[in-house]
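Student: give the three-dimensional model of this entry:
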Amino acid sequence: MAQYIVTDLTRFNAEEQVCTAVIDMDSGQCLRPMPYLTSKNVEELNMHPGAILRGDISLDPSAVNPHVEDATRGKLEYHGPASGIDFKAVLDRSLSNSVELGFGITLTENQKHIPFGEYANCSIVTVKISPEALSIHEDQYKPGRIKASFTDAEGHYFSYLPITDRGFYDYAKKHQDDGQLRSVRQFIKSQAELYLRVGVSRRHQSGNRDGYWIQVNGIYTFPGFFEEIRKY
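Tutor: Model (predicted):
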């Protein structure tokens, strides 16, 4: 029975489904347990980024690129929270120097998707950026939703990407009318280190663009964390 640390807990438009990703604490392999868990499953397992799970998760041999992390899951059990040190070590182990290098693709300016049919290394990467390099914006067209803009370590700028991090989404929805996102922004900029989990959606067509859309799955700060959003 292996041990895993939860690294991604992301929301769908259908609120009952939650997409998760974990990293095997021994092998360092990223896995996406399938079928998707429900909100009820997440609550029962006390799942949150930094949670340690025990169980059996195996890569699905039929997984389709770029979602090569798709895996079948057996019974999972919550085994407590990881320490901040252990969680950071897992993120460091999965680190890419840039979004492009992590995915193994070349992006043009303002490109926000991996085109259908283009091969990518994976569908989730970890990047480390300066806390000053991240901006969080309220979505003017969809109240209660937030987006992120950032520059990665190689200087590539990404603007107005959806934040699918469930903790941030729930916080933004709860505080959409009271301006509390300012506190989150200030807190992030006060931290020494900032890690982003950057993933892609399932295949989606928007206008003449067909592919997998880049989104921010997780936002993690060290040494501190914003307690209403995070638990690690």
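
Student: pull the helix or strand with minimum mean pLDDT from this protein.
Tutor: Least confident helix or strand of the chain, by mean pLDDT, DSSP states H and E, is helix 166-174 with a mean of 77.

Student: now for that one, which elements pack on it?
Tutor: strand 2-11, strand 146-151, helix 181-190 (3 or more CB pairs under 8 Å, 6 or more residues apart in numbering; DSSP states H and E). Bear in mind the C-beta positions are built from the backbone N, C-alpha and C, glycine included.

Student: so which bits of it are buried?
Tutor: 166, 167, 168, 169, 171, 172 (16 or more other CB atoms under 10 Å).

Student: quick revisit: and the helices and strands packed on helix 166-174, which one is worst for confidence?
Tutor: Sorting the helices and strands packed on helix 166-174 by mean pLDDT places helix 181-190 lowest, at a mean of 87.

Student: run the chain-centre distance for it.
Tutor: Relative to the chain's own centre, helix 181-190 is displaced by 19 Å; criterion: CA atoms, centre = their mean, to the nearest Å.

Student: what's that helix packed up against?
Tutor: With contacts taken as 3+ CB pairs under 8 Å, 6+ apart, helix 181-190 sits against strand 134-138, helix 166-174, strand 209-222.

Student: okay, buried residues for it please.
Tutor: Those would be 181, 184, 187, 188, for helix 181-190 by 16+ other CB under 10 Å.

Student: tell me the one of those residues nearest residue 134?
Tutor: Nearest to residue 134 among the buried residues of helix 181-190 is residue 188, at 6.3 Å by CB to CB.

Student: tell me the contacts of the nearest residue to that closest one once chain neighbours are set aside?
Tutor: Spatial nearest neighbour of residue 188, chain neighbours left out: residue 131 (5.3 Å); criterion: CB to CB, 6 or more residues apart in numbering. With CB atoms under 8 Å, 6 or more residues apart in numbering as the criterion, the residues that contact residue 131 are 188, 189, 190, 191, 192, 193, 194, 221.

Student: what about the last one, neighbour count?
Tutor: The number of residues packed near residue 221 is 21, by other CB atoms under 10 Å.

Student: that's all I had, so thanks and see you.
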